[in-house]
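Novice: need a 3D model of the following:
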Amino acid sequence: MLIEKCVGRIVDIIYQDSKGNITKRQISIHKVRDGKVRGFDTVKQAFRSFEVERILAALPVSRRPA
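Specialist: Sure thing, here's the model as predicted:
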């Protein structure tokens with residue numbers, strides 16, 4: 001999946017940081033530019049930047065009917 005198509009959506013990602021640690025994050029993607037994703041981490045309640053090349057997997061969060 002192209003992460004660029006997820007702008008404006010909430011996405012679960014598997015991310016490998018610069019030290020090799022792998023984490024699962026849920027982010028609301030605000031923009032993708034110059035190989036970086038800027039998004040709001042819904043767990044940490046803060047904006048974060050992610051390197052596109054370090055995103056190992058991405059899956060849009062489906063919204064369930066209320």
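
Novice: select the longest strand from the chain.
Specialist: As assigned by DSSP state E, the longest strand anywhere in the chain is strand 22-33.

Novice: can you give me the mean pLDDT across that one?
Specialist: When pLDDT is averaged along strand 22-33, the result is 96.

Novice: Glu4 against Val32, yeah?
Specialist: Yes: with contact defined as C-beta atoms under 8 Å, Glu4 reaches Val32; the gap is 4.8 Å. The way it works is simple: take the backbone N, C-alpha and C, and place the C-beta from them, glycine included.

Novice: who has more neighbours, those two?
Specialist: Val32 (18 against 12; other C-beta atoms under 10 Å).

Novice: report the buried residues of stretch 5-22.
Specialist: Using 16 or more other C-beta atoms under 10 Å as the test for burial, stretch 5-22 gives 6, 10-11, 13, 15.

Novice: stretch 36-47: how far from the chain's middle?
Specialist: 8 Å (C-alpha atoms, centre = their mean, to the nearest Å).

Novice: run through who's touching it.
Specialist: 3, 10-11, 25-32, 48-52, 55 (C-beta atoms under 8 Å, 6 or more residues apart in numbering).

Novice: let's go with 10 Å and repeat that
Specialist: 3-4, 6-7, 9-13, 15, 23-32, 48-55, 58, 61 (C-beta atoms under 10 Å, 6 or more residues apart in numbering).

Novice: same for the longest strand of the chain, what does it pack against?
Specialist: strand 10-16, strand 36-41, strand 46-51, strand 55-60 (3 or more C-beta pairs under 10 Å, 6 or more residues apart in numbering; DSSP states H and E).

Novice: reformat these as TSV; add mean pLDDT.
Specialist: Below are these laid out as TSV (pLDDT from 0 to 100):
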stretch	mean pLDDT
strand 10-16	96
strand 36-41	96
strand 46-51	97
strand 55-60	94
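
Novice: hang on, Ser18 packs against Glu51?
Specialist: Yes: between Ser18 and Glu51 a contact is recorded at 8.3 Å, counting by C-beta atoms under 10 Å.
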